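Visitor: Test case, fold it:
(4 chains)
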Number of protein chains: 2
Amino acid sequence: MRKASFADMNCSIAQSLEIVGEWWTLLILRDVFLGIRRFDDFVERLGISRNVLTTRLQTLIDAGVLRREAYDEARGRYDYFLTDKGRALWPVMTALRQWGDEWVVGAGNEPVLVEHKTCGHVATGVFTCDHCGERLDARRPGDPRSGRGSNPR
Amino acid sequence: MRKASFADMNCSIAQSLEIVGEWWTLLILRDVFLGIRRFDDFVERLGISRNVLTTRLQTLIDAGVLRREAYDEARGRYDYFLTDKGRALWPVMTALRQWGDEWVVGAGNEPVLVEHKTCGHVATGVFTCDHCGERLDARRPGDPRSGRGSNPR
DNA sequence: ACGCTCGGTCTCGTCATGCAACTGAGGGTA
DNA sequence: TACCCTCAGTTGCATGACGAGACCGAGCGT
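Guide: You can find the predicted model right below:
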């Protein structure tokens, strides 16, 4: 039996996970965000097996999240870069990192801090409404459903 | 060979993925956010196999993301609810959904809209600096590294 | 000529997953 | 009493994904 696919679910979370939801994929992307570019560097930093890395990179390239560029055409040596689509995953990475910092990682493990270049402060990203700027949160358990539009199946 | 674990990586993204990074897990949580509470409803909506659902729910309970509560003690019927830790995953779900809406889902699939109750508008969440309120983005490829603090390995 | 580096591919054994049948307690119906 | 139904899992089996490490091949350095 094949592993199930989310591709036919009419839900953008399912569609997203179809691309970045596999084991290792988001860690590979984390390293790309940190500037890692080469096959063997991923293998060494992550401890991922080479065959799985090969398929994950290919999946991400096929999905348009990464771009492969030769830095030594003759020997077939490549760098992997984020595309715009890949760079747009930054909020996902940040949300995951902040959740881990706040709820998972024990004391003694210093979180990675992000400096906001513009204002110079260490920044925590917060989700705000693009309309009024107020901070957004999940609806409380008792609320009626806040979603509307198509059925998120 | 066992599936590799990210638990010993000193990185909160890896720690987070150890909990929510498995196949199916974020889709289960999406449904919990939408108000699904019961075993057979997850099975039917997701098409997940029952044994996998069992282990995923248990993992999430062990991690403190979900809470199980009997609604019919005699017959062993349970509801699954989000804890505060689980509800704190809302930015992750939102970031994934918005990425999917913008970059993955084709035209013709209407995204699920979220109404911001306070201001009454349909809201798109944006990541902003908690200090100055300016919108946050990933550093551009050429920038020096923006992370500082412990090595995010 | 020789070894080295890099970016993979191949093989093989083990683990996770999907499916479907089964279980077991209690309730409803006849 | 007998029978079926619902719900929340558990069990068994077949298959596919994963991990480890060996291997490969092109070109460079010496």
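Visitor: what residues does chain A put near DNA strand D?
Guide: Within reach of DNA strand D by C-beta under 7 Å from any atom of the strand, chain A has these residues: A:1-3, A:22-24, A:47-52, A:55, A:74-76. Heads up, the C-betas are built off the backbone N, CA and C, glycines and all.
Visitor: Let's see that with 6 Å instead.
Guide: Proximity of chain A to DNA strand D, by C-beta under 6 Å from any atom of the strand, involves residues A:1-3, A:22-23, A:47-52, A:74-75.
Visitor: List the buried residues in the longest helix seen in chain A.
Guide: Secondary structure of chain A per DSSP state H: the longest helix is helix A:50-62. Residues A:52-53, A:56-57, A:59-60 are the ones in helix A:50-62 that count as buried (16 or more other C-beta atoms under 10 Å in any protein chain shown).
Visitor: Also stretch A:32-45?
Guide: By neighbour count with 16+ other C-beta under 10 Å, stretch A:32-45 contains the buried residues A:32-34, A:36, A:39, A:42, A:45.
Visitor: Ok, stretch A:84-92 next?
Guide: For stretch A:84-92, the neighbour count (16+ other C-beta under 10 Å) marks A:85-92 as buried.
Visitor: Tabulate the buried residues of stretch A:32-45 (JSON lines), appending pLDDT and secondary structure.
Guide: Below are the buried residues of stretch A:32-45 laid out as JSON lines (pLDDT from 0 to 100; DSSP: H, G, I helix; E, B strand; the rest coil):
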{"residue": "A:32", "pLDDT": "97", "secondary structure": "helix"}
{"residue": "A:33", "pLDDT": "96", "secondary structure": "helix"}
{"residue": "A:34", "pLDDT": "94", "secondary structure": "coil"}
{"residue": "A:36", "pLDDT": "96", "secondary structure": "coil"}
{"residue": "A:39", "pLDDT": "96", "secondary structure": "helix"}
{"residue": "A:42", "pLDDT": "97", "secondary structure": "helix"}
{"residue": "A:45", "pLDDT": "94", "secondary structure": "helix"}
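Visitor: so which pair among those is furthest apart in space?
Guide: A:33 and A:39 (17.1 Å; C-beta to C-beta).
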